[in-house]
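> Okay, predicted coordinates and the sequence, questions at the end:
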Amino acid sequence: KAGVTQTPRYLIKTRGQQVTLSCSPISGHRSVSWYQQTPGQGLQFLFEYFSETQRNKGNFPGRFSGRQFSNSRSEMNVSTLELGDSALYLCASSLVHTDTQYFGPGTRLTVL
Amino acid sequence: KQEVTQIPAALSVPEGENLVLNCSFTDSAIYNLQWFRQDPGKGLTSLLLIQSSQREQTSGRLNASLDKSSGRSTLYIAASQPGDSATYLCVRGGADGLTFGKGTHLIIQP
């Protein structure tokens, strides 16, 4: 069974731009969550989607948004990029939100 | 705000030793407690998941325990090997999503 895939793997943007990251969950998984990892803050929860509905949202500004499609694929969008948005963005999928989460390799975003 | 604390932050031991990684969390109303490992430049790999109704889980040389009343979990690694070198993350699962510890950076010396 294929694992969680994330595209692109690396991205360089400039301040003020917007970016969209994509995540394809493991087949059959309906829950997709997004996380931001930085050296200073560690891993922080962004949001979780289940069956196209946002179940939960972390403490991030409204510039961070996401959505989930009917095939469970998910996208995350960050608008008006700031230097502090430079991070590794990880996506994880699971059957349901209380089950083991399987992580993708992440997208490394660098904001210049 | 939920918090997860991991002790120690870093650990270096010779190959073959048994070791214990500690984790504490502030809220006992958890869904589950997971231990992950993260290798440099890679994503997270789930090691063990303990549901809130369970006390421990075992997989090979790994054993994780959960004590909800005291807000603690431990990860026991038996007969450590150089391939066990990685950052180990303790993760609390609750109604507000996952809360991550900062991790224990483990080095196993050959």
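Nice, I can see it. Residues are numbered from 1 along each chain as shown, chains lettered A, B, ... in the order given.
> Now stretch B:63-83: buried residues?
B:63, B:64, B:65, B:66, B:68, B:71, B:72, B:73, B:74, B:75, B:77, B:80 (16 or more other Cβ atoms under 10 Å in any protein chain shown). No exception for glycine: its C-beta is placed from N, CA and C like everyone else's.
> Need the max-distance pair from the residues you listed.
The span of the buried residues of stretch B:63-83, defined through Cβ to Cβ, is set by B:68 and B:80 at 27.6 Å.
> helices and strands of chain B: which one has the lowest mean pLDDT?
strand B:97-100 (a mean of 87; mean pLDDT, DSSP states H and E).
> and chain A, which of its residues are near chain B?
A:4, A:33, A:35, A:42-45, A:47-48, A:56, A:58, A:90, A:92, A:97-106 (Cβ under 8 Å from any Cβ of the partner chain).
> which of the residues you listed count as buried?
Among the residues of chain A next to chain B, those classed as buried by 16+ other Cβ under 10 Å are A:4, A:33, A:35, A:43-45, A:47-48, A:56, A:58, A:90, A:92, A:97, A:99, A:101-106.
> Of these, which belong to strands?
Among those, the residues falling in strands (DSSP state E) are A:33, A:35, A:43, A:44, A:45, A:47, A:48, A:56, A:90, A:92, A:102, A:103.
> got the contact list for the last one?
Right, the one you point to is residue A:103. A:4, A:90, A:91, A:92, B:36, B:43, B:44, B:45, B:46 (Cβ atoms under 8 Å, 6 or more residues apart in numbering or on different chains).
> returning to that earlier point: quick one: name whatever helix or strand follows the least confident helix or strand of chain B.
strand B:104-109 (DSSP states H and E).
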